[in-house]
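*Asks:* Here is a sequence together with a model predicted from it:
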Amino acid sequence: MIKNLPDDWEKKYNIGPVLMKTFVQKNLFVGICYKAVSFLNVGQTKGLGKLGPAGKNSVPFKDVWLYPIDKKFRALLKN
């Protein structure tokens with residue numbers, strides 16, 4: 001999937017992605033499969049669901065994992 005996604009995405013939306021993002025629910029999983037394919041764990045969510053009460057934890061905490069598709073993703077995202 002990682003190999004096909006950038007081309008498929010560009011064909012459909014006419015723009016190439018530079019990162020892939022996924023979330024892993026911390027109380028159920030640790031994300032070993034993402035680590036194995038070189039995703040980067042960049043932090044965790046705050047447990048604030050958009051439909052929950054303002055400022056209160058309403059959903060489980062999740063780790064945020066990113067996979068750089070383009071090595072120059074930092075420079076590309078700054079523009």
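*Replies:* Everything's here; your move. Numbers count the residues shown, from 1 in each chain.
*Asks:* in this structure, what spans have low per-residue confidence?
*Replies:* By pLDDT under 70, the weakly predicted segments of the chain are 50-52, 55, 57, 79.
*Asks:* Tell me which stretches of it form strands.
*Replies:* Under the criterion DSSP state E, strands of the chain are mapped to 19-25, 40-44, 62-68.
*Asks:* Which residues does the first one contact?
*Replies:* So that's strand 19-25. Outside of strand 19-25, the residues that reach it under the criterion C-beta atoms under 8 Å, 6 or more residues apart in numbering are 2, 5, 30-31, 34, 39, 45, 60-70, 73, 77. Where C-beta positions appear, they are placed from N, C-alpha and C, glycine not excepted.
*Asks:* So among the residues you listed, which ones count as buried?
*Replies:* Among those, the ones that count as buried by 16 or more other C-beta atoms under 10 Å are 31, 34, 39, 45, 62, 63, 64, 65, 66, 67, 69.
*Asks:* what residues are up against the second one?
*Replies:* I take that to be residue 34. 22, 24, 41, 65, 67.
*Asks:* how much space between it and residue 8?
*Replies:* Residue 34 sits 20 Å away from residue 8, taking C-beta to C-beta, to the nearest Å as the criterion.
*Asks:* now the fourth one
*Replies:* Between residue 45 and residue 8 the distance, using C-beta to C-beta, works out to 27 Å.
*Asks:* Could you pick out the longest helix of the protein?
*Replies:* Ordering each helix of the chain by length in residues (DSSP state H) puts helix 5-13 first.
*Asks:* separation between the residue lying closest to residue 67 once chain neighbours are set aside and residue 3?
*Replies:* Closest residue in space to residue 67, ignoring its immediate chain neighbours: residue 20 at 4.2 Å, by C-beta to C-beta, 6 or more residues apart in numbering. Remark: distance between residue 20 and residue 3 (C-beta to C-beta) = 12 Å.
*Asks:* okay, the two: which has more neighbours?
*Replies:* Legend: neighbour count by other C-beta atoms under 10 Å for residue 20 and residue 3, higher for residue 20 (17 against 8).
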